[in-house]
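Engineer: build me a model:
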Amino acid sequence: MKLINTEKAPGAIGPYVQGYVVGNMVYTSGQIGVDPATGAAPEGIQAQAEWSCKNVAAILEAGGSDLEHVVKTTCFIADMGDFAAFNEVYAKYFVNKPARSCVAVKTLPKNLLCEIEAIAELK
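Structural biologist: Next up, the predicted model:
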């Protein structure tokens, strides 16, 4: 296993890492919608989804992959009423339409609105 660590995505806020490369696959931890430089979260589902996608992309890049090689995502949103707005942003980044699960959860870290984790092949 190769540990992934990049300053281009938020650092772990608990006992976990940003991701791992195992064999020819990259596994990311869930990424919330915060700016990694400031730790600040913008208002609204679409702005937070943008940062979640960018943070996943940064970890994939650090691990030797990219969004085009993602085969599976798991998405968590705080309110299913935001599903359509979340999908608008998600579709801009995950153009290859990987397999996906999307569930509503009671609470996310920092009371944010979404979180995305991904599994990808190496480039």
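Engineer: after the longest helix along the chain, next one along is what?
Structural biologist: Ranked by residue count under DSSP state H, the longest helix found in the chain is helix 45-63. Counting by DSSP states H and E, the element after helix 45-63 in chain order, helix or strand, is strand 70-77.
Engineer: ok, residues contacting that next one?
Structural biologist: Here strand 70-77 makes contact (CB atoms under 8 Å, 6 or more residues apart in numbering) with 30, 45, 56, 60, 83, 86, 90, 94, 96, 98-105, 108, 113-121. C-beta: built from backbone N, CA, C; applies to glycine.
Engineer: average pLDDT across that strand?
Structural biologist: Averaging pLDDT along strand 70-77 yields 98.
Engineer: enumerate the positions of it that are buried.
Structural biologist: Within strand 70-77, the residues that qualify as buried are 70, 73-77, counting by 16 or more other CB atoms under 10 Å.
Engineer: please apply the same query to stretch 103-111.
Structural biologist: Counting neighbours by 16+ other CB under 10 Å, the buried set in stretch 103-111 is residue 108.
Engineer: and the end-to-end length of that stretch?
Structural biologist: Using CA to CA, to the nearest Å, the end-to-end distance of stretch 103-111 comes out at 16 Å.
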